[in-house]
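J.: Everything below, folded, please.
(one chain, ligands or ions: 3)
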Amino acid sequence: MPQLRIALAQVNPTVGDLAANATQTVAWTRKAAEAGAHVVVFPEMSLTGYPVEDLALRATFAEASRRMVDEAAVSLADAGCGELLVYVGYLDADPAGPRDAAAALWQGEVVARQFKHHLPNYGVFDEQRWFKAGRTLDVVRFHGVDIGMVICEDLWQDGGPVSALGAAGVDVVVSPNASPYERSKDDIRLPLVARRAAEAGAPLVYANQVGGQDDLVFDGDSFVVGADGELLARAPQFVEHLLVADLSVGGGSGAEGTFGGLAVRRRVLSAEPVPGYERAVPPVSEPLSDEAEVWSALVVGLRDYVHKNGFRSVIFGFSGGIDSAVTAALAVDALGPDSVHGVSMPSRYSSAHSRDDAAELARRLGCHFRVEPVEDMVRVYVDGLGLSGLAEQNIQARVRGMLLMSLSNQEGHLVLATGNKTELAVGYSTMYGDAVGGFAPIKDVFKTHVWTLARWRNASAEKRGEVPPIPENSIAKPPSAELRPGQLDTDSLPDYAVLDDILDDYVEGDRGYAELVAAGFAPETIDRVIRMVDRAEYKRRQYPIGTKITFKAFGRDRRLPITNRWREGEQRSL
Ligand SMILES: Nc1ncnc2c1ncn2[C@@H]1O[C@H](COP(=O)(O)OP(=O)(O)OC[C@H]2O[C@@H]([n+]3cccc(C(=O)O)c3)[C@H](O)[C@@H]2O)[C@@H](O)[C@H]1O
Ligand SMILES: Nc1ncnc2c1ncn2[C@@H]1O[C@H](COP(=O)(O)OP(=O)(O)OP(=O)(O)O)[C@@H](O)[C@H]1O
Ligand SMILES: NC(=O)CC[C@H](N)C(=O)O
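T.: Ligands and ions are numbered 1, 2, ... in the order given. Model prediction:
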């Protein structure tokens with residue numbers, strides 16, 4: 001039976017940096033060559049990065065991407081990797097329009113080229129705006145093995161391109177992917193791909209991107225399944241990795257023609273099987289636990305946003321509360337303590353424990369910390385403008401926001417916003433105040449989940465014999481914005497456990513009023529929450545982006561009009 005060693009290059013490309021991504025392709029192919037691989041599979045659009053969004057519509061970018069594929073083929077050959085068959089992803093364009101494309105490179109040339117067939121157009125994806133769909137499948141015979149390819153969403157279609165490849169006959173299917181992380185998505189992908197392998201009647205090689213890109217983070221988790229769906233190899237999540245797997249597969253006996261409406265083309269590169277060699281046992285990495293997975297997603301999303309945008313450090317307010325404490329622990333895990341600057345900005349309403357807890361947090365993390373009282377600055381506005389009530393309360397948050405932005409301008413740190421998904425949902429933040437910043441690491445984490453993550457992070461530190469980073473007091477105390485004497489979040493909001501349950505149903509589940517009542521929530525609480533959520537749309541639009549970890553994150557996943565008189569449960573007939 002012919003053998004083939006396949007390497008999955010789980011890399012972290014940077015959108016738009018064609019030259020760096022091509023250099024990365026050569027470097028990782030070299031590693032694959034050293035590992036004795038015959039075939040290397042990179043993620044979807046690995047030369048351009050993913051998603052390129054409206055860059056896809058720029059003719060100059062598409063042209064540069066097409067040129068880079070040819071240059072990459074030559075560079076690979078020049079680097080002594082010409083005998084490896086290398087699958088890369090890139091942006092193509094032809095008279096029909098832009099294409100999400102993959103190419104097979106061999107001996108300095110592009111030997112196969114295929115466009116994505118199914119263009120996802122839901123959630124965060126707008127691919128029908130960006131690309132035209134392909135209609136062909138390019139199979140190559142390499143070392144006597146027929147290799148077909150499909151790109152990401154093509155795998156998610158029952159009876160799609162994979163079943164066409166199965167009908168045409170292939171020995172292996174390789175698949176470049178850029179599948180963004182969402183909680184528990186890995187539990188869906190593996191059985192899905194196993195079903196596709198059965199449909200193809202061949203092993204399936206699933207190579208996924210890793211790393212952060214704006215509000216998306218990719219977990220990698222690349223793997224190989226056999227024709228029977230058995231998991232043969234699996235890469236670790238959230239790190240760049242070269243996964244190498246040996247496959248013994250049936251030798252090329254497929255047909256050309258039209259299958260499932262798609263034209264299957266074939267090209268023979270080399271009919272001779274590779275001489276027998278000793279197979280290695282491929283590694284099967286264990287997936288991370290639920291909380292470790294979310295934590296890693298938030299760390300990688302933050303780190304890549306900061307570094308890929310040219311920053312070396314971040315700054316934000318340390319209030320002694322749980323949100324800024326979790327943000328600080330994430331920032332230190334992502335960037336190291338020397339790149340994190342905490343600022344305590346006490347006002348007349350700040351409690352002694354909030355200052356102490358903030359200082360203790362900084363001590364435990366070993367990050368930079370300073371105290372900048374805001375009382376005098378606040379007084380200038382309050383007295384000068386005659387502010388009172390909510391206006392007086394909010395000016396404290398606004399002075400803090402201005403102070404942080406000024407330090408950012410002066411010292412070059414990126415400002416982080418510390419708001420969580422619950423606050424964002426109900427509009428519980430001050431615009432141009434605690435909502436300022438360039439990136440919001442926990443904006444897709446519900447408040448109750450913030451506490452869970454804090455406890456998990458402390459417990460995992462303890463297990464390693466390290467100091468738990470988050471002061472116990474920040475976890476245990478009742479949350480307060482401290483904008484007026486004795487203020488508690490629960491003065492304005494329902495209890496967070498109830499609130500998060502309703503939000504989960506209304507925001508994530510898109511449930512209607514009657515369904516929320518049927519779920520057992522008190523009608524007056526539902527009314528109140530729905531009104532707060534709907535009214536806060538304008539605030540969310542102005543909020544910084546942050547890493548998506550849920551099925552439906554605020555932003556591209558949930559696009560609602562701001563000017564909107566529809567209210568659940570308030571419909572009247574004429
Ligand atoms: N549809 C619309 N489109 C565009 N802009 C709109 C708007 N509706 C109001 N606005 C503007 O928004 C302003 C109101 O928003 P804003 O100034 O932010 O103020 P607002 O939402 O009225 O008050 C902030 C709330 O968040 C709470 N808070 C603040 C800070 C931190 C925390 C925390 O615990 O983390 C909580 C605070 O206790 C208070 O309940 C209006 O004065 C108006 O200028
Ligand atoms: N006294 C303060 N010193 C420094 N930063 C502050 C202070 N008060 C608020 N902030 C900043 O504003 C954010 C909003 O905090 P606030 O105390 O209003 O409520 P919160 O949403 O419960 O946040 P946290 O749990 O971090 O306190 C904080 O996370 C922090 O970054
Ligand atoms: N890039 C894509 O086609 C991604 C879509 C796919 N359903 C996924 O999230 O895995």
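
J.: pLDDT wise, what is the residue in the stretch 1-150 of the chain that ligand 1 sits nearest to at?
T.: Closest to ligand 1 within the stretch 1-150 of the chain is residue 124: 24.4 Å, counting by CB to the nearest ligand atom. Where you see a C-beta, it was placed from the backbone N, CA and C, and this is true even at glycine. Listed pLDDT for residue 124 reads 97.

J.: That one and residue 216 touch, don't they?
T.: Yes: using CB atoms under 8 Å as the test, residue 124 is close enough to residue 216 to be in contact (6.5 Å).

J.: Counting neighbours, go ahead and name the busier of those two.
T.: Per other CB atoms under 10 Å, whichever of residue 124 and residue 216 has more neighbours is residue 216, with 25 against 17.

J.: picking up where we left off before, ramachandran coordinates for the closest residue to the residue of the stretch 1-150 of the chain closest to ligand 1 other than its chain neighbours?
T.: Using CB to CB, 6 or more residues apart in numbering and skipping the chain neighbours, the partner closest in space to residue 124 is residue 556 (4.5 Å). In this entry, residue 556 is assigned phi and psi values of phi -70, psi -20 (degrees, to the nearest 10).

J.: sorry, back to before: now list whatever residues contact both of residue 124 and residue 216.
T.: The contact sets of residue 124 and residue 216 overlap at 51, 180, 548 (CB atoms under 8 Å, 6 or more residues apart in numbering).

J.: how close does the residue nearest to residue 124 sit to ligand 1?
T.: Residue 556 sits 20 Å away from ligand 1 when distances are taken as CB to the nearest ligand atom, to the nearest Å.

J.: before we move on, what about residue 510?
T.: Residue 510 is 22 Å from ligand 1, by CB to the nearest ligand atom.

J.: Out of the shared contacts of residue 124 and residue 216, grab the one that's most surrounded.
T.: residue 548 (26 neighbours).

J.: Contact partners for that residue?
T.: Contact partners of residue 548, counting by CB under 8 Å, 6+ apart, are 124, 180-182, 215-217, 444, 555, 557.

J.: can you check residue 311 too?
T.: When contacts are counted by CB under 8 Å, 6+ apart, residue 311 is found next to 412-414.

J.: again, 7 Å this time
T.: Listed by CB atoms under 7 Å, 6 or more residues apart in numbering, the contact set of residue 311 reads residue 414.

J.: cool, residue 141 as well?
T.: If a contact means CB under 7 Å, 6+ apart, then residue 141 has 252, 266, 268-269, 271 as its contacts.

J.: what about residue 59, neighbour count?
T.: 9.

J.: next one: the one 3 residues further on
T.: Number of residues near residue 62 (other CB under 10 Å) recorded here: 23.

J.: is it true that it touches residue 97?
T.: No: with the criterion set as CB atoms under 7 Å, residue 62 and residue 97 do not qualify as a contacting pair; they are 9.4 Å apart.

J.: mind checking how far the residue nearest to residue 1 when sequence neighbours are not counted is from residue 273?
T.: Once its chain neighbours are removed from consideration, residue 1 has its nearest residue in residue 248; the separation is 4.6 Å (CB to CB, 6+ apart). When distance is defined by CB to CB, to the nearest Å, residue 248 is 10 Å away from residue 273.

J.: interface residues of the stretch 351-500 of the chain facing ligand 1?
T.: 390, 393-394, 397, 423, 427-431, 433-434, 481, 483, 489, 492 (CB under 6 Å from any ligand atom).

J.: And the residues you listed, which two are furthest apart?
T.: Between all members of these, the longest pairwise span (CB to CB) is found for 431 and 489 and amounts to 17.9 Å.

J.: Between those two, tell me which one has more neighbours.
T.: Neighbour count, other CB under 10 Å: between residue 431 and residue 489, residue 489 has more, with 19 against 16.

J.: what's around residue 192, how many residues?
T.: Neighbours of residue 192 under the rule other CB under 10 Å: 13.

J.: mind listing what it touches?
T.: Contacts were defined as CB under 7 Å, 6+ apart; by that measure residue 192 touches 155-156.

J.: What are the boundaries of the strands in the stretch 301-450 of the chain?
T.: Listed from the start of the chain, the stretch 301-450 of the chain has strands (DSSP state E, counting those that start in this stretch) covering 314-317, 340-344, 368-371, 414-415.

J.: Ignore what I typed, I meant the stretch 151-300 of the chain.
T.: Counting by DSSP E, counting those that start in this stretch, residue ranges of the strands within the stretch 151-300 of the chain are 172-177, 204-208, 210-213, 216-219, 223-225, 231-234, 241-248, 257-259, 262-268.

J.: in the longest one, what counts as buried?
T.: Which is strand 241-248. Applying a neighbour-count criterion of 16 or more other CB atoms under 10 Å, one finds 241-247 buried in strand 241-248.

J.: Kindly report the residues of the protein close to ligand 1.
T.: Those residues of the chain that sit near ligand 1, judged by CB under 6 Å from any ligand atom, are 390, 393-394, 397, 423, 427-431, 433-434, 481, 483, 489, 492, 538, 562.

J.: When you filter the residues you listed down to buried only, what's left?
T.: Neighbour-count burial (16+ other CB under 10 Å) applied to these gives 393-394, 397, 423, 427-431, 433-434, 481, 483, 489.

J.: Looking at those residues, which is nearest ligand 3?
T.: For ligand 3, the closest of those turns out to be residue 423, at 27.4 Å, with distances computed as CB to the nearest ligand atom.

J.: got the contact list for the closest one?
T.: Residues touching residue 423, when contacts are defined by CB under 7 Å, 6+ apart, comprise residue 429.

J.: Per-residue confidence, it, what does it come out as?
T.: At residue 423, the model reports a pLDDT of 97.

J.: same question, residue 253
T.: Per-residue confidence (pLDDT) for residue 253: 70.

J.: got a pLDDT number for the residue nearest to residue 68 when sequence neighbours are not counted?
T.: Spatial nearest neighbour of residue 68, chain neighbours left out: residue 18 (4.5 Å); criterion: CB to CB, 6+ apart. Model confidence at residue 18, expressed as pLDDT, equals 98.

J.: residues in contact with residue 18?
T.: Shown here is residue 18, whose contacts under the criterion CB under 7 Å, 6+ apart are 47-48, 64-65, 68.

J.: okay, those residues in CSV with secondary structure and distance to ligand 3 next?
T.: What follows is those, written out as CSV (DSSP: H, G, I helix; E, B strand; the rest coil; distance: CB to the nearest ligand atom, whole Å):
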residue, secondary structure, distance to ligand 3
47, coil, 15
48, coil, 13
64, helix, 21
65, helix, 16
68, helix, 20
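
J.: Pick out whichever of those residues sits closest to ligand 2.
T.: Here the nearest of the contacts of residue 18 to ligand 2, counting by CB to the nearest ligand atom, is residue 48; it sits at 35.8 Å.

J.: Look up how far residue 434 lies from that closest one.
T.: As judged by CB to CB, residue 48 and residue 434 stand 36 Å apart.

J.: that older thread, tabulate the shared contacts of residue 124 and residue 216 (a markdown table), appending distance to residue 187 and pLDDT.
T.: Shown next, in a markdown table, are the shared contacts of residue 124 and residue 216 (distance: CB to CB, whole Å; pLDDT from 0 to 100):
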| residue | distance to residue 187 | pLDDT |
| --- | --- | --- |
| 51 | 23 | 98 |
| 180 | 15 | 98 |
| 548 | 17 | 98 |
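
J.: Would you check how far apart residue 352 and residue 154 are?
T.: Relative to residue 154, residue 352 is positioned 60 Å away (criterion: CB to CB).

J.: how about the helices in the stretch 301-450 of the chain?
T.: 322-335, 352-365, 375-385, 389-411, 421-426, 447-463 (DSSP state H, counting those that start in this stretch).

J.: ok, residue 352 and residue 154, which is more surrounded?
T.: Between residue 352 and residue 154, counted using other CB under 10 Å, residue 154 has the larger neighbour count: 27 against 9.

J.: Perfect, that will be all.
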